[in-house]
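Q: Build me a model:
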Amino acid sequence: MTIARILAEKGRQVSTTQPHRTLTEALAVLTEKNIGAVVVTDAEAHVLGILSERDIVRAIGRGGAIALNDAVSKHMTARVITTTENECVSAAMGKMSSQRFRHLPVVKDGKLAGLVSIGDLVKYRLAEMERQHEAMKEYIATA
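A: Residues are numbered from 1 along each chain as shown. Model prediction:
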């Protein structure tokens, strides 16, 4: 199974922000959408970074509440690991596990094409395991 299949099921909608926006503005998006991260993009949808709840908490921890007035670009993770639609789910899970992050932007032709979370991938894996379990039970019952 590839990332494209997950995106086909969950959709390609991604909440984004621009690097000049404040942490307060980005936090409003996270709260409104009930999500854990936003992808930071330019006007052409190129991925510039990612800003997670963790990044905002660290900014406040270092600079106090005044940090909420800072630009997103000051606190975002600029070195973003991405994936493509053709990558298999297990490889994407491996990246996320080994690098310890929970959101993986999907890029196509250099532009943002979707986003998968660790929750999306775990949901897929659990469904796959359930299908295998049912197939095994059916095989045993007919043997």
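
Q: can you give me the helices in the protein?
A: 3-10, 23-33, 53-63, 72-75, 89-99, 118-142 (DSSP state H).

Q: So what touches the first one?
A: If you take C-beta atoms under 8 Å, 6 or more residues apart in numbering as the criterion, helix 3-10 is touched by 83-89, 92, 106, 113-114, 116, 120-121, 124. Quick note: C-beta positions are derived from backbone N, CA and C, even for glycine.

Q: Point out the least confident member of those, please.
A: Across the contacts of helix 3-10, the bottom pLDDT score, 85, is held by residue 124.

Q: Hmm, it is touching residue 2, no?
A: No - using C-beta atoms under 8 Å, residue 124 is not in contact with residue 2; the gap is 10.4 Å.

Q: If you count surrounding residues, which of the two has more?
A: Each of residue 124 and residue 2 has its neighbours counted (other C-beta atoms under 10 Å); residue 124 has more, 21 against 16.

Q: Of the contacts of helix 3-10, grab the buried ones for ChimeraX.
A: In ChimeraX, a selection of the buried entries from those looks like this (16 or more other C-beta atoms under 10 Å):
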select :83,85,87,89,92,106,113,114,116,120,121,124
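
Q: what's the farthest-apart pair in the contacts of helix 3-10?
A: Farthest-apart pair in the contacts of helix 3-10 is 113 and 124; separation 17.7 Å (C-beta to C-beta).

Q: quick one on the thing from earlier: would you mind putting the helices of the chain into JSON lines with distance to residue 44 alongside?
A: JSON lines is the format used below for the helices of the chain (distance: least, C-beta to C-beta, whole Å):
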{"stretch": "helix 3-10", "distance to residue 44": "20"}
{"stretch": "helix 23-33", "distance to residue 44": "20"}
{"stretch": "helix 53-63", "distance to residue 44": "23"}
{"stretch": "helix 72-75", "distance to residue 44": "17"}
{"stretch": "helix 89-99", "distance to residue 44": "24"}
{"stretch": "helix 118-142", "distance to residue 44": "25"}
